[in-house]
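Visitor: How does the following fold in three dimensions:
(chains A and B)
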There are 2 protein chains.
Amino acid sequence: MIPVAVIGKGGVGRAVVAALLRSQSRAQARGVNLFVNAIAGHDGIAVSREGWPEASLVKFAAGAGDWRDLTGVRVCTSHAELVAAIGAVTRPGQIVVDVSAAESAAWHLDWLRRGWHVVTANKKPLTASRESYEAIMAASRQVDGPRHRHEATCGAGLPIISTIADLLAAGDEIQEISAAASGTLGFVFSACQAGRTFAAAVAEAKLRGYTEPEPRDDLSGKDVARKALILARLLGWSMELSDIPVDDLVPKSLQSGSVENFLAGLPTASGYIDERVSAAAKNGQVLRYLATVGPAGITVGLREVPRESPLGGLAGTENMFVVRSRYYDSAPLVIRGPGAGATVTAVGILSDIFRIINL
Amino acid sequence: MIPVAVIGKGGVGRAVVAALLRSQSRAQARGVNLFVNAIAGHDGIAVSREGWPEASLVKFAAGAGDWRDLTGVRVCTSHAELVAAIGAVTRPGQIVVDVSAAESAAWHLDWLRRGWHVVTANKKPLTASRESYEAIMAASRQVDGPRHRHEATCGAGLPIISTIADLLAAGDEIQEISAAASGTLGFVFSACQAGRTFAAAVAEAKLRGYTEPEPRDDLSGKDVARKALILARLLGWSMELSDIPVDDLVPKSLQSGSVENFLAGLPTASGYIDERVSAAAKNGQVLRYLATVGPAGITVGLREVPRESPLGGLAGTENMFVVRSRYYDSAPLVIRGPGAGATVTAVGILSDIFRIINL
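Guide: Residues are numbered from 1 along each chain as shown, chains lettered A, B, ... in the order given. Modelled structure (predicted):
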């Protein structure tokens, strides 16, 4: 019986519960019983020592019910209360999955120190201060101690973090990682390439649920900068988020104000981006929002790439990570595929869980 | 102290020892001490309870010395003697790495039943009878029991097996895997595309060490068929190697005889392959040797693909694996990179070891 607490009850949290349910028979065939013992939102938590009936979880996972329909609901207004609630139903091997958008670095450290494994899709705890990152990694480094894993923070379900970590552990030296790491911006610039204006592409991405509720979080490039910082820290570089120059695609005049006003103002304020798309097209180029972690430092921004190149061939929410290293010298290691979406993000979470329990 | 026995002392065995040496400081920082307690050839084994001095292993890894230079050498002419030799120096957590080309299915089962973990780059034990495959997998399925892992059997160090296994474990349904899975045949047809004759390309591949000592092992397609069978069995399909129709590139007249006679006869006997290359080029196509594991069964053979397609863009020894699934529905998951070579094969071996010890 290995209990999993899910912190965050949005689309990804539901997809994690769904994937855990689907993984159950395979895990049980190996003598492992994974079950959910806690589901937390920002205003409370439901806990159960034995887990809930499958039907209740299926309903939650399908989005048909609210987490408050589960038994064992407690109101939590602080991290201490959340921890006490999980602590009341925990068992050895407890795994805590963070799919929230909270600034949770201190929480992660606290959970690890309690002996709980931590799996996160939330980038914020890994992109806070270097000191807190080092403290989290050190807590995860004890033999037979709890593990901190974060595959889903880059490329969702694509195996980026574990592959780079394995190369480093095998003594490889990474020379450069270049990446189209934003499903949202990938979608936007594929749409521009197909003839949409930037404003129309952003509106469509918002409509399809590909952006954050606040679409400027994506367009500011900060999400990509966080991914680049996570990769750089994995390589052992000491940097802070504020050290990374970021190409902000939010027009200056629309940096503040409501989301509605932002979307309404975008068509008249973003003509310069449409001009860059047209200018690139005249040279057989397309625009991609790229991150590069390499000898020259970290760069994050809009770049022209040949339409016929691998990066130029990306469509929709596809991500691509290109790793050049001492071992991969004749040609790089490339991983490509949809890098956004609740279901594939849940795959990244599950693969971390399987690694922790050695399934 | 986690001991690793390396069965096979060729280029990959040496690269595994080199990678283990390079991984040591990182592993020790996590409280894990990986060390080599046995190195076996086909005619004997060297064993050491405490491991050898680093200088001796560095010399062996560099190919500068023979494994018989190590202390603790014993002549072994049977599997029973090999097992007794390892058994005399084993400790809890023993990992046995099979980088031999032996028909070792029965050995793997025996090792697992002794409680030893098994990591293999050798495809043969996984492509023997379905019964032996099932027995190996069942032995690896016990909770807290030994693990059998085989990442390096497909794509060398590329994370193919673990990614597909994680998808399956998370409840995904794989619809199709298509792959350019032979570094050797990739090199040969890239060279043909650049204007070489098939015979000249094979001779060059042999010269560069990309082929097996017997190049017909590669050209027969059997190596690719084994990889396809390993993928199919991972998906839960019950098949035997003999069920897979394979496109054999060895001219009928050269199926038997010495390697020298084969290479001497190839220029006059393989003109029909050069004609296929030319015919494809006239239509903007190139030839690739592909495996497909899908609803229509397994196919292994030479196919025309557009020069401008992702598969057409492969160069040298690059592999590409394309996974279409229920979760990866809008676009496939694609992993690409050098899929042959001792160093990257060692990465696959090491990543399995790290997974076993949960590093």
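
Visitor: Correct me if wrong: A:S178 contacts A:A296.
Guide: No - taking contacts as C-beta atoms under 8 Å, A:S178 lies outside contact range of A:A296: 11.4 Å. All C-beta spots, glycine's among them, are computed from the backbone N, C-alpha and C.

Visitor: More neighbours: which of the two?
Guide: Neighbour count, other C-beta atoms under 10 Å in any protein chain shown: between A:S178 and A:A296, A:S178 has more, with 20 against 8.

Visitor: For the more buried one, pull up the helix or strand it's in.
Guide: Per DSSP states H and E, A:S178 falls inside strand A:174-180.

Visitor: A:A19 too?
Guide: Judged by DSSP H and E, A:A19 forms part of helix A:11-29.

Visitor: For that helix, give me every contacting residue.
Guide: Contact with helix A:11-29 is made by A:4, A:6-7, A:33-36, A:39, A:54, A:57-58, A:60-63, A:97, A:99, A:121, A:209, A:342-343, A:345-347, A:349-350, A:359, B:141, B:168-171, as judged by C-beta atoms under 8 Å, 6 or more residues apart in numbering or on different chains.

Visitor: can you tell me which of those residues are in helices?
Guide: Among those, DSSP state H puts A:54, A:57-58, A:60-61, A:342-343, A:345-347, A:349-350, B:168-169 in helices.

Visitor: residue ranges for the helices of chain A, please.
Guide: A:11-29, A:54-61, A:79-87, A:105-113, A:130-139, A:161-169, A:183-193, A:198-207, A:216-219, A:222-234, A:259-269, A:271-282, A:342-356.

Visitor: Quick one: mean pLDDT over the first one.
Guide: Averaged over helix A:11-29, pLDDT sits at 93.

Visitor: Go through it and flag the buried ones.
Guide: A:11-24, A:26-27 (16 or more other C-beta atoms under 10 Å in any protein chain shown).

Visitor: how far out from the middle of the chain is it?
Guide: The chain centroid and the centroid of helix A:11-29 are separated by 18 Å, computed with C-alpha atoms, centre = their mean, to the nearest Å.

Visitor: tell me the angle of it relative to helix A:54-61?
Guide: Counting by axes from the mean of the first three to the mean of the last three C-alpha atoms, to 10 degrees, helix A:11-29 lies at 150 degrees to helix A:54-61.

Visitor: which residues touch the nearest residue to A:A191 once chain neighbours are set aside?
Guide: Once flanking residues are discounted, A:A191 sits nearest to A:A201: 3.7 Å by C-beta to C-beta, 6 or more residues apart in numbering or on different chains. The contact partners of A:A201, by C-beta under 8 Å, 6+ apart, come to A:187-189, A:191-192.

Visitor: If we use 6 Å, what do you get?
Guide: Contact analysis of A:A201 by C-beta atoms under 6 Å, 6 or more residues apart in numbering or on different chains lists A:188, A:191-192.

Visitor: ok, now A:A228?
Guide: Contact partners of A:A228, counting by C-beta under 6 Å, 6+ apart, are A:291, A:293, A:298, A:300.

Visitor: thought the third one was touching A:I244?
Guide: Yes - in this structure A:I298 lies within contact range of A:I244 using C-beta atoms under 6 Å: 5.0 Å.

Visitor: For the stretch 201-350 of chain A, what lies in contact range of chain B?
Guide: Residues of the stretch 201-350 of chain A found near chain B (C-beta under 6 Å from any C-beta of the partner chain) are A:316, A:318, A:327-328, A:330-331, A:333-338, A:343-344, A:347, A:350.

Visitor: if you set the cut-off to 10 Å instead, what comes out?
Guide: Within the stretch 201-350 of chain A, the positions near chain B by C-beta under 10 Å from any C-beta of the partner chain are A:308-310, A:313-320, A:322-323, A:325-339, A:341, A:343-344, A:346-350.

Visitor: cool, the stretch 51-200 of chain A as well?
Guide: Proximity of the stretch 51-200 of chain A to chain B, by C-beta under 10 Å from any C-beta, involves residues A:138, A:140-145, A:147, A:151, A:155, A:157-160, A:162-163, A:165-173.

Visitor: Do me a favour and average the pLDDT over stretch A:221-228.
Guide: 96.

Visitor: roughly how far is it from the heart of the chain?
Guide: 10 Å.

Visitor: Which positions within that stretch qualify as buried?
Guide: Those would be A:221-228, for stretch A:221-228 by 16+ other C-beta under 10 Å.

Visitor: Then stretch A:285-295?
Guide: Buried residues in stretch A:285-295, counted by 16+ other C-beta under 10 Å: A:285-293.

Visitor: pLDDT averaged over it, what's the number?
Guide: For stretch A:285-295, the mean pLDDT works out to 95.

Visitor: roughly how far is that stretch from the heart of the chain?
Guide: With C-alpha atoms, centre = their mean, you get 19 Å for stretch A:285-295.

Visitor: again with stretch A:140-155
Guide: Distance, stretch centre to chain centre, for stretch A:140-155: 14 Å (C-alpha atoms, centre = their mean).

Visitor: now do the same end-to-end measure for that stretch.
Guide: End-to-end distance for stretch A:140-155, by C-alpha to C-alpha, to the nearest Å: 22 Å.

Visitor: likewise stretch A:187-204?
Guide: Stretch A:187-204: ends 9 Å apart by C-alpha to C-alpha.

Visitor: if we can go back for a sec, out of the helices of chain A, flag the one nearest B:Q255.
Guide: Distance to B:Q255, taken as C-beta to C-beta, is lowest for helix A:161-169 among the helices of chain A, at 39.9 Å.

Visitor: picking up where we left off before, inside strands: which ones of the residues of the stretch 201-350 of chain A next to chain B?
Guide: A:318-320, A:322-323, A:325, A:333-338 (DSSP state E).

Visitor: What is the nearest of the residues you listed to B:D69?
Guide: Closest to B:D69, out of all of those and judged by C-beta to C-beta, is A:S325, at 31.1 Å.

Visitor: thinking again about what came up before, quick one, which of the residues of the stretch 201-350 of chain A next to chain B are buried?
Guide: Using 16+ other C-beta under 10 Å as the threshold, A:310, A:313-314, A:317-320, A:322-323, A:325, A:327-328, A:331-339, A:341, A:343-344, A:346-350 are the buried ones among those.

Visitor: I'd like a version of the ones in strands among the residues of the stretch 201-350 of chain A next to chain B in a markdown table, one that adds distance to B:V73 and pLDDT as further columns.
Guide: Below are those laid out as a markdown table (distance: C-beta to C-beta, whole Å; pLDDT from 0 to 100):
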| residue | distance to B:V73 | pLDDT |
| --- | --- | --- |
| A:E318 | 53 | 96 |
| A:N319 | 50 | 97 |
| A:M320 | 49 | 98 |
| A:V322 | 45 | 97 |
| A:V323 | 40 | 98 |
| A:S325 | 36 | 97 |
| A:L333 | 38 | 98 |
| A:V334 | 43 | 97 |
| A:I335 | 43 | 98 |
| A:R336 | 47 | 97 |
| A:G337 | 48 | 97 |
| A:P338 | 53 | 94 |
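
Visitor: my read: A:P295 touches A:E176, true?
Guide: Yes - judged on C-beta atoms under 10 Å, A:P295 makes contact with A:E176 at a distance of 7.1 Å.

Visitor: still on that earlier bit, from the ones in helices among the contacts of helix A:11-29, pick the one nearest A:G183.
Guide: When the ones in helices among the contacts of helix A:11-29 are compared for distance to A:G183 (C-beta to C-beta), A:T345 wins out at 9.9 Å.

Visitor: Alright, I will stop here.
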